[in-house]
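J.: Have a look at this fold, sequence not included:
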């Protein structure tokens, strides 16, 4: 006898969430949205995975007032919902990095893009919107829908309620990426001594960078080492490009009243590009960029129990290597699985010359 399992409970939960958090949401559009739910989770454009970020609201102007330096670009305006899916698909391809899509339901249906032109060291527009309490008691309906990976999507209401839908049968994949990235960022700056304000600015910048990595990079590994860790010619990370002078992002904030936004953005882009490059990116726990394009020769017997590709086996090999001076591993798969794992090892003391590239701030 054949057995068929349906995820009707997920569909019912999403329907109930929209009906409760957004009274008046067009039923036909909700039905269409749910019918293409799986397509949104697995949406690709020219072979590249796109993770949608969509704000559904009945008052985009009220939303805009909660986000600093916001720019709202209306692209389509329809009198009915007949073009709903076509409008979304045309916007998905260009709503990348810090841009997100909005759909406003009033007398007409408006579709467009939103971006906040704040500094990369400030909270992102979406995080600002999700954390605001300004709309909680106002007659404004708003739901933020975000695809997290190939098997999960989250819904957030500005009334303060959230819903996470996950179709993965592996319970290890149910953690949202925001928690993992936050742990990774906290560990990256755990040995940096500076003012609380500057520290938060740098953490915001890293959170913004790695949120973009989650959305736009198919997979990566970052390793955090202790601030005293040094390159070794025969070490675990010998096969890679080590910077002769680590890039210290804290120096970019040395004079917070006169820092260069252009320089900050340029180095943030550099970090993004290195993370998006083949191999492992090495950071230390003072927030410094140490190396990129690093490869490890993993012992496949030690990680034979790992289900996944070479990148995941490399991550677990590093976690189990017991090498001194390693702090933690951040892993992101092509499918969007994300984890950060700490390594409890004492720092390395021996000093050895580093080599290859000099980059001055």
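T.: Okay, I see it. As the structure is a computational prediction, the values presented were derived from the model and not from experiment. Residues are numbered from 1 along each chain as shown.
J.: residue boundaries of the helices in the stretch 101-250 of the chain?
T.: Using DSSP state H, counting those that start in this stretch, the helices of the stretch 101-250 of the chain run over 125-131, 177-188, 196-216, 249-252.
J.: Tell me which of those sits nearest to residue 226.
T.: helix 177-188 (10.8 Å; CB to CB). (Each C-beta comes from the backbone N, C-alpha and C, glycine too.)
J.: Residues in a beta bridge with residue 143, which ones?
T.: residue 56, residue 157 (DSSP bridges).
J.: Let me know how buried it is, in neighbour terms.
T.: For residue 143, the count of nearby residues is 20 (other CB atoms under 10 Å).
J.: can you list the weak-confidence ranges in the protein?
T.: For the chain, the stretches flagged by pLDDT under 70 are 1-7, 169-176, 254-258, 298-308, 345-361.
J.: Go ahead and confirm residue 123 touches residue 129.
T.: No. Here residue 123 does not reach residue 129: they are 9.6 Å apart, not a contact under CB atoms under 8 Å.
J.: so which of the helices of the stretch 101-250 of the chain comes closest to residue 42?
T.: Ranking those by proximity to residue 42 (CB to CB) places helix 196-216 first, at 14.7 Å.
J.: Mind listing residues that contact that closest one?
T.: 51, 53, 96-98, 120-124, 127, 148, 177, 181-182, 184-186, 188-189, 192, 194, 220, 249-250, 253, 256, 264, 268, 271-272, 275-276, 287, 330, 332, 336, 338 (CB atoms under 8 Å, 6 or more residues apart in numbering).
J.: Of the residues you listed, keep whichever come out buried.
T.: The neighbour-count test (16 or more other CB atoms under 10 Å) applied to those identifies 51, 53, 96, 98, 120-124, 127, 148, 177, 181, 184-185, 188-189, 192, 194, 220, 249-250, 253, 264, 268, 271-272, 275-276, 287, 330, 332, 336, 338 as buried.
J.: What residues are bridge-paired with the closest residue to residue 17 other than its chain neighbours?
T.: Spatial nearest neighbour of residue 17, excluding adjacent residues (CB to CB, 6 or more residues apart in numbering): residue 163 at 4.6 Å. Taking DSSP bridges, one obtains residue 155 as the residues bridged to residue 163.
J.: Take the helices of the stretch 101-250 of the chain and lay them out in JSON lines including distance to residue 312.
T.: Listed next are these as JSON lines, based on distance: least, CB to CB, whole Å:
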{"stretch": "helix 125-131", "distance to residue 312": "28"}
{"stretch": "helix 177-188", "distance to residue 312": "14"}
{"stretch": "helix 196-216", "distance to residue 312": "16"}
{"stretch": "helix 249-252", "distance to residue 312": "28"}
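J.: looking at those, which is closest to residue 143?
T.: helix 125-131 (10.8 Å).
J.: Strands of the stretch 1-150 of the chain, residue ranges please.
T.: 44-45, 48-49, 53-57, 70-78, 100-105, 109-116, 142-149 (DSSP state E, counting those that start in this stretch).
J.: how far away is the residue nearest to the spatial centre of the chain from residue 10?
T.: Closest to where the C-alpha atoms of the chain average out (CA atoms, centre = their mean) is residue 211, at 2.3 Å. Using CB to CB, to the nearest Å, residue 211 is found at 25 Å from residue 10.
J.: following the strand or helix carrying residue 274, which helix or strand shows up next?
T.: Using DSSP states H and E, residue 274 sits in helix 261-275. Per DSSP H and E, the first helix or strand lying C-terminal to helix 261-275 is strand 280-284.
J.: Return the angle between stretch directions for whichever helix or strand comes after that next one and helix 261-275.
T.: Downstream of strand 280-284, the next assigned helix or strand under DSSP H and E is strand 288-295. Orientation check (axes from the mean of the first three to the mean of the last three CA atoms, to 10 degrees): strand 288-295 against helix 261-275 gives 30 degrees.
J.: In terms of secondary structure, what does strand 288-295 contact?
T.: With contacts taken as 3 or more CB pairs under 8 Å, 6 or more residues apart in numbering; DSSP states H and E, strand 288-295 sits against strand 239-248, helix 249-252, helix 261-275, strand 280-284.
J.: Any idea which of those gets closest to residue 159?
T.: Set against residue 159 and scored by CB to CB, the helices and strands packed on strand 288-295 come closest in helix 261-275, at 33.1 Å.
J.: In JSON lines: the helices and strands packed on strand 288-295, plus distance to residue 313.
T.: Below are those laid out as JSON lines (distance: least, CB to CB, whole Å):
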{"stretch": "strand 239-248", "distance to residue 313": "16"}
{"stretch": "helix 249-252", "distance to residue 313": "30"}
{"stretch": "helix 261-275", "distance to residue 313": "19"}
{"stretch": "strand 280-284", "distance to residue 313": "13"}
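J.: Just tell me which of the ones you listed ends up closest to residue 90.
T.: Comparing the helices and strands packed on strand 288-295 under CB to CB, the one sitting nearest is helix 261-275, at 25.6 Å.
J.: Report the distance from the closest one to the chain centre.
T.: Centroid displacement of helix 261-275 relative to its chain, using CA atoms, centre = their mean, to the nearest Å, is 16 Å.
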